[in-house]
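Visitor: Build me a model from this:
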Amino acid sequence: MTTSSMPGAKPLVSKRLKDFLESEDETISLPRLDEFDRFIFLNELTVNKLAFFRDMDMMLIILSNRMVINRQLSAYRFLDKATDDQLQEYTISATGVHWPQLDADLSLRGFLIEEALGRFSQNQPRTQAA
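Guide: The predicted structure is shown next:
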């Protein structure tokens, strides 16, 4: 397989990968992905933006499907101790959020798992002590 190193040049790919990408077969096999990974992949879900509200101990995670996840800033020690400038210096990737100055990452997958577990636990019937 050859590669292209010129900026802006179309990358060269193997014939096998090219055939796969150009295939009209709409069947996608995702055998190694769990349900959260499938959901992220099939819905092309990403983090779009973060918003921080220190006075309310709140971080909002805004996703590409317009869903908003609310987390306590204090739940993440490295974020709680960060300066306002450090909080705002983040990069978004396909897998989550990275703060280079803090050398810290939070994953989209983790946010979704926490959200699902939180909603699940809120809907559980409470048992009475005997």
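Visitor: So what touches the longest helix seen in the chain?
Guide: Scanning the chain for the longest helix, with DSSP state H as the assignment, gives helix 108-122. Here helix 108-122 makes contact (CB atoms under 8 Å, 6 or more residues apart in numbering) with 36-37, 39-40, 45-47, 61, 63, 69, 71, 95-96. Any C-beta I mention is one placed from the backbone N, CA and C, and that applies to glycine too.
Visitor: Now the buried members of the residues you listed.
Guide: Burial by neighbour count, 16 or more other CB atoms under 10 Å: within the contacts of helix 108-122 this picks out 36, 40, 45, 47, 61, 63, 69, 71, 96.
Visitor: Could you check how far the spatially most central residue of the chain is from residue 83?
Guide: When CA atoms, centre = their mean is applied to the chain, the residue found nearest the centroid is residue 108 (2.1 Å). Applying CB to CB, to the nearest Å, the value for residue 108 to residue 83 is 25 Å.
Visitor: shaky segments in the chain?
Guide: For the chain, the stretches with pLDDT under 70 are 1-22, 24-32, 123-130.
Visitor: at 90 what do you get?
Guide: Where the chain drops to pLDDT under 90, the residues are 1-43, 94-95, 116-130.
Visitor: Would you map the helices across it?
Guide: 15-22, 35-42, 77-80, 84-88, 108-122.
Visitor: Minimum distance to residue 100: which of the ones you listed has it?
Guide: Taking CB to CB, helix 84-88 is the member of the helices of the chain nearest to residue 100, at 9.5 Å.
Visitor: Please name every helix or strand in contact with that closest one.
Guide: In this structure, helix 84-88 packs against strand 47-53, with contacts taken as 3 or more CB pairs under 8 Å, 6 or more residues apart in numbering; DSSP states H and E.
Visitor: quick one: the strand it packs on to helix 108-122, angle?
Guide: Calculated by axes from the mean of the first three to the mean of the last three CA atoms, to 10 degrees, strand 47-53 forms an angle of 60 degrees with helix 108-122.
Visitor: Format the buried ones among the contacts of helix 108-122 as TSV; extra columns: distance to residue 77.
Guide: Converted to TSV, the buried ones among the contacts of helix 108-122 look like this (distance: CB to CB, whole Å):
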residue	distance to residue 77
36	24
40	26
45	26
47	20
61	18
63	24
69	19
71	13
96	17
